[in-house]
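what would the 3D arrangement of this be:
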Amino acid sequence: MEFHFSSFSIILQSPIIIIILISLILKLGRKRFKTNGRASSNNLPPGPWKLPILGSIHHLIGDLPHRRLTKLSKKHGPIIHMQLGETPAIVISSPEIAKLLFKTHDTAFAQRPQFPAIEALTYGWSDLAFSPYGNFWKQVRKICTVELLSAKRVRSFKFIRMEEVSSLVRSVSMNVGSSINLTEMFLNMSYSIIARVIFGKKTKDQDAYVSIIKETLTSSSLAFGVSNLFPSQKWLHVISGVECKVKEMHRTCDKVLDDIIDEATSKIDGDGDGSLLCILLRLKENGACEFQLTNDNIKAILQDMLIAGGETTSLTVEWIFSEMLKNPRVLKKAQAEVREVFGNKDFVDEMDLEELKFLKAVIKESMRLHPPTPVLLPKECLKYCEINGYTIPVGTQVFVNAWAIGRDPKYWSEAERFYPERFLDSEIDYKGSHFEFIPFGAGKRMCPGISFAEPNIELPLAQLFGRGGGVSLNRYSVVRSFKGKHELREIRILYSAMEFRFSSSPMVLSLIIIISISLILKLRKRLIKTNRKASSKNLPPGPWKLPIFGSLHHLLGGLPHRRLTELSKKHGSLMHIQLGETSVIVISSPEISKQIFKTHDTAFAQRPQIVAAEAVTYGYITFTLSPYGEYWKRIRRICTQELLSAKRVRSFQSIRNEEVSRLVRFVSRNIGSVINLSDALLNLTYSITAKATLGSKSSDQEAFISYMKRILRTNENFNVSNIFPSQKWLHRINGAMRELEDMHRTSDRILDDIIAAAKSKTINADGTLLSFLLSLEADNGTPEFQFSRNNVKALLQDMLLAGSETSSSTMEWVFSEMLKNPRVLKKAQAEIREVFDYVDENDLGELQFLKAIIKESMRLHPPGGALLPRECRETCEINGYTIPAGTQVLVNSWAIGRDPKYWNEAEKFYPERFLDSEIDYKGSHFEFIPFGAGKRMCPGINPALSFSISKTAHHTEARRWQLTSVHRHRTLAAVAVPLIGSSASYARESPLAFLFRLCCVLRRTHLTRPPDVMEAVSEFSVVDLYPSIGVLEVSYRVQEKNDKLHGEVDWILENIVTDPRDKITVGGGGGEDLVDILLRLQKQNDLQYPLSDSVVKAIILFQLYPPCI
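Numbers count the residues shown, from 1 in each chain. From the prediction side, this is the model:
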């Protein structure tokens, strides 16, 4: 399978892009300071905090823009100021201020901003929607309102609407029992009506033009790109590719329009066909306008009509259906009204639509909650004016959030509820005079096509609900159902396509570029200074570097410890890499690690203070990450002499025995079932550590463990802000800091409850680590060292995190290696059974071969791959190279454990190498340092060793594991054990693990949307490459899409499995089909690998969509 990386990885790895960004900074520097200086002198409305260069654009990430703007307005007020790159913007979210804009200062805000991407499409802004305010715009508007969209003209197109709506109803009626996509049907109907109104009879050219317009409308979402945020940088529009694509589509569109106009011109001499095109051609020929109407003007106006009249109408009808399907009461009432007014007529008469009061109320209520354009097209301030006491400078863009206004609780009771009756006795309409309800806008720039849109919305609804439509309630109330063996009938009511486009990936990619720009601006001086300083040092060799990012690109494409090992083979065992601002030394040999851990141990006894860890470590007071000094020495003494001493570890023997026995019983009870041993081992280690640390199990304890797991996962991810520590704002925009702070607050509150419960008991009564620490707190330490509540919490957190994940990871690798090496497994079992009948922890010292297995597993798979980083406290020299103070040091224990200079057949799992060897992992043999060495060595070897040997002995002895002929896939005769690692690379190494991943992806993919299937399975995007940048995952709506797709496919498969009518045939004939076979096999008890419901569903999914295999 080929994996396609997103364009962000190309941006990241391309020095050309970086150079371009730097050149942009040089060009923007003066403009930025000039703009900021001018803005600061104005009395602007309040608004959210801004980033350099980028301004406020990052606040729009994470949700649809109108929703984000609504949240911001609740915090900053109904009129807020935002800076979108170079462009100042005002956002209005209340009817009162909207009235000032559309009525009091209407002329001052009658201009449209002239976006670069729109110029070609609008024939030089000569259309109605985007042409500059002035005499030309007034004349075009007069043509539209008087000639093209008057009430008389709209009535003249009645027969077109009737024909197209009838075609829609027939299509729905004929396809009962088949897959029906109402979204597409409504869109095609809307475009067909408006196209026939504009051009007359259908032609091949007309269909081609409509198709191009749809594509153009989709691509015009690119208009909200980097070039519009920085309009002074014309070249940005070129390199982004938008200009080229827009011009190409415009040329194609223009050519088709020319052919249509040439054909229509030949009919003007006669009566014509009454189309809008013929009307405009007559006006051009007669010279009836106050200005010379050109072909380009005609094209621009017609294009406006097609775009505005097609997409928004279908969108409104979609939302109406969506709301009525969620509210059956409203649907029944609307159907009853239609049938009461029109009786048994097959076709609804458009002249009687005025009698459908409730249907009109339904349409209004839907538009209130879901206006066709949630944020109205922007306006631009033509002259300085004052609104609500704030000064609005010339050139400021103004956005009116119609979505927020329609949900303002000051004007709408139960504003979030769909309740059409609120409009029945109300005079509120959408004609622009009631500013609490402005789906079509208001003022001079209000949409002129309301009278055209109304019958296009009302007629299809009335026809579908009438007798002639033949549509009953139960056909719409059930959105999805199954019928027959192969047919899936689905009525899709989708959310707004326009809303999706506004927040789609091109905007995200543009934003990433802008973030890079902002970062470059802030880092430029710092990096120049750092590079000059570094160039004067005698640093170790290393790989080539990119500007800004340094050596980061060399770590892409594999697990970090593997990539570092590959680099060390090329550049040496002492290597320098630059990760952003951070200078790092990587050590991959025992000789040099000895210098770090022994010769210069004090110089490298510091831990780097990672910004993201500050909150969760109570200000770096945990043992693991606290700075080297007196405090750390005292905490270490407490840990080694009191908390983790051999005596203390022995005192928890009963806890270990109890929890390990519970796991063994669980495995024994589930013979014949699929067991995820990875999860089982992880839960076991957390349970033992938690009981030893906090005491007996409780709901608070389980909640605390859950949050510890989440904190660890978040901190494990690569975080871009850690390589640029001077840029504090990066923590905020990537979402990591906010997420960690939220989790820490919750876990801290839970820990307070646990401590409060423990304090109610006699101090040190239960022998837990918490009891001991509380006794230290009660003694209040010494004047030099005050032991506070936060010290207690920090140590408890350290014990839980360090004592659980590493132990379970070690056990997973031990089992994985033994399952791949049956000889080793049999030898271990024989030793255990020779030593004792039942595993006793006191006799574990006799299990020499089992200890050798654990050592050999740790040699090949040390927990974490690389040891926790250290930091150089003072400049020192190693191997003739200068290591500056502040340099981080990474010791690659994974590479050291596979060094062929020290290990024969280094890649082979051969535990016997340790049987007659004095090598151990206590820090004195530098070729084997899974727990580190020196002052910062892990102090928890005693409990970890006891724990690992005890677990391995119990499990190896408890089940007589018998490997089948397919042992290469790590399966057992009685139990399937998916030892799935925590990284994508591990999945690539293990065929079984990769199969599990593929099945999971397929299970989370919609059955009927092939593009989604292929995207989910075969493409790694920017989210995969940078999982720590939470903003990307939110922007791409990964979790939302996955949850939605998973729910849909699981619902479908569940119905196929449970409903006897819904079966998938194997050969196309009658008799027993695939579902029958799988369900029959599932009931058999003699299967080597039992078929769970999930496995049955996965097999059916592969059968239904084999191209994914």
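
what helix or strand is residue 439 on?
Assigned by DSSP states H and E, residue 439 belongs to no helix or strand.

report the buried residues of stretch 563-579.
564-565, 567-568, 571-579 (16 or more other C-beta atoms under 10 Å). C-betas here are computed from N, CA, C, even on glycine.

give me the distance between the two termini of it.
Distance between the two ends of stretch 563-579: 14 Å, counting by C-alpha to C-alpha, to the nearest Å.

wait, doesn't residue 418 sit right on residue 323?
Yes - in this structure, residue 418 is within contact of residue 323 by C-beta atoms under 8 Å, at 4.9 Å.

joint contacts of the two?
330, 365, 366, 369 (C-beta atoms under 8 Å, 6 or more residues apart in numbering).

in helices, which of those residues appear?
330, 365, 366, 369 (DSSP state H).

all strands for the stretch 851-1000 of the chain, in order.
870-871, 876-878, 881-883, 888-891 (DSSP state E, counting those that start in this stretch).

run through the residues that contact residue 228.
Contacts of residue 228 by C-beta under 8 Å, 6+ apart are 85, 87, 115, 116, 117.

tell me which of those is nearest to residue 644?
Among these, residue 85 lies closest to residue 644 (C-beta to C-beta), at 54.6 Å.

helices of the stretch 101-250 of the chain, start to end?
116-121, 135-142, 151-156, 158-174, 182-199, 204-219, 226-229, 234-239, 242-265 (DSSP state H, counting those that start in this stretch).

any regions of the stretch 1001-1109 of the chain where pLDDT drops low?
Along the stretch 1001-1109 of the chain, the model assigns pLDDT under 70 to residues 1001-1048, 1051-1052, 1055-1056, 1058-1074, 1085-1090, 1101-1109.

give me the next element, helix or strand, following the helix or strand residue 66 falls within.
Using DSSP H and E, residue 66 falls within helix 65-76. Per DSSP H and E, the first helix or strand lying C-terminal to helix 65-76 is strand 79-84.

restricting to C-alpha, output that following strand in PDB.
Taking Å, rounded to 0.1, in the frame of the first residue of the first chain, the C-alpha atoms of strand 79-84 are listed here in PDB:
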ATOM      1  CA  ILE A  79     -19.100  44.400  18.000                       C
ATOM      2  CA  ILE A  80     -15.600  43.100  17.900                       C
ATOM      3  CA  HIS A  81     -12.400  44.000  16.100                       C
ATOM      4  CA  MET A  82     -10.200  41.300  14.500                       C
ATOM      5  CA  GLN A  83      -7.000  41.600  12.500                       C
ATOM      6  CA  LEU A  84      -7.000  39.100   9.600                       C
END
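
from the chain's centroid, how far away is the helix or strand that that strand is followed by?
Counting by DSSP H and E, the next helix or strand C-terminal to strand 79-84 is strand 87-92. In terms of C-alpha atoms, centre = their mean, to the nearest Å, the centre of strand 87-92 is set 27 Å apart from its chain centre.

which residues sit against strand 87-92?
39, 44-45, 56, 69, 72-73, 78-83, 98, 101, 113, 228-229, 231, 378, 381, 387, 392-393, 395-401.

go with 6 Å
69, 79, 80, 81, 82, 98, 396, 397, 398, 399, 400 (C-beta atoms under 6 Å, 6 or more residues apart in numbering).

now do the contacts for the first one.
Contacts here follow C-beta under 6 Å, 6+ apart; on that basis residue 69 touches 91, 401.

skipping its backbone neighbours, what lies nearest residue 259 in space?
residue 205 (5.1 Å; C-beta to C-beta, 6 or more residues apart in numbering).

that neighbour contacts residue 257, doesn't it?
No - taking C-beta atoms under 6 Å as the definition, residue 205 is not a contact partner of residue 257, at 8.4 Å.

between those two, which one's more packed in?
A direct count of neighbours by other C-beta atoms under 10 Å for residue 205 and residue 257 places residue 257 higher, at 21 against 18.

that one is in contact with residue 301, isn't it?
No - Residue 257 is beyond contact range of residue 301, at 11.4 Å (criterion: C-beta under 6 Å).

if I look at residue 816, how far off is residue 881?
In this view, residue 816 and residue 881 are 38 Å apart by C-beta to C-beta, to the nearest Å.

which one of those two has more residues nearby?
Neighbours per residue, other C-beta under 10 Å: of residue 816 and residue 881, the larger number sits with residue 816, 22 against 18.

what pLDDT does the model give residue 858?
Note for residue 858: predicted pLDDT of 92.

and the closest residue to it other than its chain neighbours, how many residues sit next to it?
The spatially closest residue to residue 858, leaving aside those adjacent along the chain, is residue 930, at 4.2 Å (C-beta to C-beta, 6+ apart). Neighbour count for residue 930, taken as other C-beta under 10 Å: 25.

check contacts around residue 930.
Contacts for residue 930 (C-beta under 6 Å, 6+ apart) come out as 858, 862, 893, 921.

residues near the first one, how many?
Other residues lying near residue 858 total 23 when counted by other C-beta under 10 Å.

distance of it relative to residue 909?
From residue 858 to residue 909 the distance is 12 Å (C-beta to C-beta).

for the third one, same thing?
Here the distance between residue 893 and residue 909 works out to 17 Å (C-beta to C-beta).

wait, doesn't residue 197 sit right on residue 157?
Yes - using C-beta under 6 Å, residue 197 is in contact with residue 157, at 5.0 Å.

which one's more surrounded, those two?
Neighbour count, other C-beta under 10 Å: between residue 197 and residue 157, residue 197 has more, with 25 against 19.

show me what contacts the more buried one?
Taking C-beta under 6 Å, 6+ apart as the test, what residue 197 contacts is residue 157.

redo that, cut-off 10 Å
Residues counted as contacts of residue 197 (C-beta atoms under 10 Å, 6 or more residues apart in numbering) are 148-149, 153-154, 156-157, 160-161, 274-277, 305-306, 309, 452, 456.

so which bits of stretch 264-284 are buried?
For stretch 264-284, the neighbour count (16+ other C-beta under 10 Å) marks 264, 275, 276, 277, 278, 279, 280, 281, 283, 284 as buried.

got a list of what the fourth one touches?
Contacts for residue 277 were tallied using C-beta under 10 Å, 6+ apart; they are 197-200, 257, 260-261, 263-265, 267-268, 298-299, 301-302, 305.

cool, the last one as well?
The contact partners of residue 284, taken as C-beta under 10 Å, 6+ apart, are 265, 268, 292, 293, 294, 295, 297, 298.

same list (the residues you listed) but as JSON lines, adding pLDDT, distance to residue 750 and secondary structure.
Listed next are those as JSON lines, based on pLDDT from 0 to 100; distance: C-beta to C-beta, whole Å; DSSP: H, G, I helix; E, B strand; the rest coil:
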{"residue": "265", "pLDDT": "84", "distance to residue 750": "77", "secondary structure": "helix"}
{"residue": "268", "pLDDT": "69", "distance to residue 750": "79", "secondary structure": "coil"}
{"residue": "292", "pLDDT": "84", "distance to residue 750": "76", "secondary structure": "coil"}
{"residue": "293", "pLDDT": "87", "distance to residue 750": "73", "secondary structure": "coil"}
{"residue": "294", "pLDDT": "89", "distance to residue 750": "72", "secondary structure": "coil"}
{"residue": "295", "pLDDT": "89", "distance to residue 750": "72", "secondary structure": "helix"}
{"residue": "297", "pLDDT": "90", "distance to residue 750": "68", "secondary structure": "helix"}
{"residue": "298", "pLDDT": "91", "distance to residue 750": "69", "secondary structure": "helix"}
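
give the other helices and strands that the helix or strand residue 663 falls within contacts.
Under the criterion of DSSP H and E, residue 663 resides in helix 653-669. If you count contacts as 3 or more C-beta pairs under 10 Å, 6 or more residues apart in numbering; DSSP states H and E, helix 653-669 packs onto helix 677-694, helix 941-958.

thanks a lot, catch you later.
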